[in-house]
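In: Provided below for reference: sequence and predicted model.
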Amino acid sequence: MNRASLGEQLANNVEQWIRSEHIAEGTPLPERSLAARFRVSRSPVREAFQILAERGLIAQRPDGGYAVSEVAERSVEVTLPPADEDEPVYLMIAEDRLAGKLPDRMTESELMRRYGLTRTQLAEVLRRIVQEGWIERLPGHGWQFLPVLTNGAAYDQGYRIRILLEPSGILEPTYKLDEEALRKCRAEQQALADGAAEWASPAQLFDANSRLHEVIASASGNIFIQETLRRVNRLRRLMEYGKSVNRTAAIQRCKEHLTLIDLLLSDQREAAADFMRLHLRDAAREKSSRKAAEIDGRK
């Protein structure tokens, strides 16, 4: 599968850190310190250094190791994780499931025949679906699809519970922001707003946006808010994977995300909570009716 290596992902994270923190030219980048900062071993750090050196963002020091180069002070490009090679068949299964064309239980042989897959190809697709929480292996034989949102009314309810919970989470007394995680989300949202939303797959858009909202919910320190949002996101995932994507609206949502993030980074929590509420209400109005029409039209 066409997934970015840990070293490539780390290189993007280090690149964004250098830019967002305005790390000065010539600043040394100790391998051990970077490994501790990003919670990885030193091996992917070395791989990331090689990638960043090839990009011209860092350079080797005469006495060994690497340091920030002059080029690193420029605005750098942040890319989304690449779409999987199995994306077309994955989305086909999601579409069929939403349309009620698949039974609750199926064997691997049935899935292979229906979608023209080898056992290895099917295993990769099933692994992804399991990770996303809408199928599970049955004891002994076969697979069972798990409940998801399949109609417009349920989709609306998902947004209403988010409007109640997410702004409140920002105002929780236990709120503690993970600034590093939020800055990583900001880099993703900036890439989308700068044009990546024009070509990103439905899965990439959903993952980037839900990741941001879950980072913000985690900052609340309230486990019930965190787990409720994760549950809602899992249930609505398939409806967000519909083939029709309003690219103009997607870019607008990403721009709103950037405003929201900047309010949080500047510790304007009251303003951020109000903005979150408006953002979710606008998104609900734009998306709920469209998704309801698409899903109900499949029935």
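Out: That came through fine.

In: Quick one: mean pLDDT for stretch 17-34?
Out: For stretch 17-34, mean pLDDT rounds to 82.

In: Could I have the CA atoms of that stretch written out in CSV?
Out: What follows is stretch 17-34, C-alpha atoms only, in CSV (Å, rounded to 0.1, in the frame of the first residue of the first chain):
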residue,chain,number,x,y,z
TRP,A,17,7.9,22.8,13.6
ILE,A,18,10.9,24.7,12.1
ARG,A,19,8.5,27.0,10.2
SER,A,20,5.9,27.6,12.9
GLU,A,21,8.5,28.2,15.6
HIS,A,22,10.7,30.3,13.4
ILE,A,23,13.8,28.3,14.2
ALA,A,24,16.8,30.4,13.3
GLU,A,25,19.3,29.6,10.6
GLY,A,26,22.2,27.7,12.0
THR,A,27,20.3,26.2,14.9
PRO,A,28,21.7,22.7,15.6
LEU,A,29,19.2,19.8,15.5
PRO,A,30,20.4,17.1,17.9
GLU,A,31,19.2,13.7,17.0
ARG,A,32,18.4,12.7,20.6
SER,A,33,16.4,15.9,21.2
LEU,A,34,14.3,15.5,18.1
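
In: Quick check: buried residues in it?
Out: Neighbour counts over stretch 17-34 (16 or more other Cβ atoms under 10 Å) mark 17, 18, 19, 23, 29, 34 as buried. All C-beta atoms are positioned from the backbone trio N, CA, C, and that covers glycine.

In: swap in stretch 37-47?
Out: 38, 40, 44, 45, 47.

In: The last one contacts residue 9, doesn't it?
Out: No - under the criterion of Cβ atoms under 8 Å, residue 47 makes no contact with residue 9, lying 10.1 Å away.

In: which neighbours do the two share?
Out: Here residue 47 and residue 9 have no joint contacts, going by Cβ atoms under 8 Å, 6 or more residues apart in numbering.
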